[in-house]
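Colleague: structure here, sequence nowhere to be found:
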């Protein structure tokens, strides 16, 4: 018998609506002040430290974390609203997004108290940037094939090896990475990896930029040569990283960032089509809006179930699977409809530029943060197939 | 197998009393909608969900006893139909949405929607959804529902029934589900001024051309030539044919989502039984990934349909946000019926293409339900027009309104 999927019809609570107004007003101010241009998702300066600090000052980083670490003890649904508004506005979230979504929660759970007291408040203030060190040149989706070694030495570990496709490593202050502390065992090939907090911009770490097909340089190769990490920077159990990797993934998989990455092209298409669409444009837009509405309802539903203490792991994986495929196909569907846009449409050039960028962005969406193939394996396990 | 009428009726009445009590409790507790506390609302939401489950469980028990897909599939004479309808009627389910003073069971919209989800999971082939919709429509104008099978007319946004000057009704409606077996029709009709009326019409007074939908259920053409209705009353302010189409569309969305849940379940089960190349086909990655995609389509349909049902059940005004919920559900569920049903068939291979296998009961009905109350193409055009009229900068506020 298959475990039934659940998507409760969750509605955002009223405090979210006030918050949404505040976020929109803030973003409008920042746009007016020239901090970023919402119509230019392809800008090169995706790292805007000043914006990051302002978001922190508003109390929108570490929103769900305990106050003693600088957090605000608000709900996941409130964080959801901030995330989606930033995403839809194309706000430059690169500097703080990973720390807020992923690294902070890992530290909260596994870091020693003095590290939490030192680092978490700085994340909440928007001062520091995190990267995630998972993939290696010969280990991507197969996480447990990682070979970069952490060798025990006096008071800590020496790191040797290479991480790759590491987003933001060139601007990051810290990285949370997994390194090999023991060989895998016959019984458990996942054994032997340990999670570490790495302070970047230190001796023994070299960051080499890697150009992407979009023309951006957002990911990197990170080479470790006898880089020293102190003992208190071990996160969780030695050799037991595999036990720690799963719990927070539901948050990571099902957020609004998993279906809104190319959303701007839909908005721009509606603008270009104008108030009196022909049947084909209306039909195309209607379908896309119905689809994004459904994706959002699924995503909000998972957020609400998580907030209520449930563990919708399969549901969260489904949201990422079909959400990333949707945002990947969106620019192509919009391009088909854009072919019928009048030559006189005032935003025609903007739409075309956005489409070029979104179409180039599309291939990565079903790869980053867990490929479609890996996700479907997780869903299949949830269905009782493996 | 005797249908457990009395016990079920008692269970349903108890469930409804419980739900009513809960509703009163909430009303007494405060202003409810305007300034509610999230956690309190979450809890009361669960309480309502529990009572919904009791009504749905009553329906499910009847379906499990009297509408087992395998049994029905083997019964070439349709002998299962009468006992099933009798049990559903005895439990008060066809008139779920009719208030007690109009001859019904007085269940809430949410409870009725949960019955429709269950009906979809069993691909129920009696006019339960249609009679529920008809009762609901009549209740809008406080017209008492007669007993027996009913359906709604029109069943397509493109058809019109008109009220003539003498109060009689004329028009032609295609694709009316179960018209052939219905004793009465509940109709929305409009007069030349554009005012809407709700009417109860004796099916015997209309001309009915029989047809079948993709799933093999009646889908008929109903023609009225100056037919005098058994009852006719003005529709309440703001109520028009589109409202019936959207309510019908949400009903079909829930049924499609339910059918997809079952298609996922039987496909997973089959893949764990069927051996090929010396192993269960569920162990092949290609099959696993297909089933994961089916789960995704099932999930999307479920989320869209239950959200739309919830939106309608709690709507105080019928605004753009409720419209979006209703039409998006119909559009997305129709897409899921195609994609998800296709995968279910692929997993089953040739056996699923046989009339002996139960898969077609779900897959073909899900496809057929796409056509009722406006297809996904029709509603996509309407939604696209609405979005265009609101303008680009009002799209996100519409999507993110709740």
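Modeller: Structure received. Remember, it's a predicted structure, so these values are computed and weren't measured experimentally. Numbers count the residues shown, from 1 in each chain, chains lettered A, B, ... in the order given.
Colleague: please make it C-alpha for all contacts and neighbour counts, starting now.
Modeller: OK.
Colleague: for chain B, just list every one of the helices.
Modeller: Using DSSP state H, the helices found in chain B span residues B:5-29, B:38-66, B:69-74, B:81-90, B:109-121, B:128-140, B:241-273, B:285-313, B:320-348, B:359-369, B:376-390, B:395-399.
Colleague: now for those helices, which one comes closest to residue A:53?
Modeller: helix B:395-399 (26.1 Å; CA to CA).
Colleague: need the contact list for the residue positioned nearest the centre of chain B.
Modeller: Centrality entry for chain B: nearest residue to the mean C-alpha point is residue B:251, 2.2 Å, by CA atoms, centre = their mean. Counting by CA atoms under 8 Å, 6 or more residues apart in numbering or on different chains, residue B:251 makes contact with B:113, B:116, B:129.
Colleague: is it true that the second one touches residue B:130?
Modeller: So the one you mean is residue B:116. No - at 10.2 Å, residue B:116 does not count as touching residue B:130 under the criterion of CA atoms under 8 Å.
Colleague: count the neighbours of the closest residue to residue A:8 other than its chain neighbours for me.
Modeller: Distances taken as CA to CA, 6 or more residues apart in numbering or on different chains place residue A:301 nearest to residue A:8, at 5.7 Å, with adjacent residues excluded. Neighbours of residue A:301 under the rule other CA atoms under 10 Å in any protein chain shown: 27.
Colleague: pretty sure residue A:301 belongs to a helix, no?
Modeller: Yes - counting by DSSP: H, G, I helix; E, B strand; the rest coil, residue A:301 is located in a helix.
Colleague: and the helices of chain B as a markdown table, adding mean pLDDT?
Modeller: Below are these laid out as a markdown table (pLDDT from 0 to 100):
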| stretch | mean pLDDT |
| --- | --- |
| helix B:5-29 | 40 |
| helix B:38-66 | 65 |
| helix B:69-74 | 93 |
| helix B:81-90 | 97 |
| helix B:109-121 | 97 |
| helix B:128-140 | 98 |
| helix B:241-273 | 98 |
| helix B:285-313 | 98 |
| helix B:320-348 | 98 |
| helix B:359-369 | 98 |
| helix B:376-390 | 98 |
| helix B:395-399 | 98 |
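Colleague: looking at those helices, which is closest to residue B:164?
Modeller: Judged by CA to CA, the one of the helices of chain B that comes nearest to residue B:164 is helix B:241-273, at 16.9 Å.
Colleague: could you give me the buried positions within the closest one?
Modeller: B:241, B:243-272 (16 or more other CA atoms under 10 Å in any protein chain shown).
Colleague: any idea how far that helix is from the chain center?
Modeller: 9 Å (CA atoms, centre = their mean, to the nearest Å).
Colleague: again, but for stretch A:146-157
Modeller: Using CA atoms, centre = their mean, the offset of stretch A:146-157 from its chain centre is 28 Å.
Colleague: end-to-end on that stretch?
Modeller: Length of stretch A:146-157, first residue to last, CA to CA, to the nearest Å: 17 Å.
Colleague: which stretches in the stretch 201-350 of chain A count as helices?
Modeller: A:241-244, A:249-254, A:264-273, A:279-307, A:313-338, A:348-365 (DSSP state H, counting those that start in this stretch).
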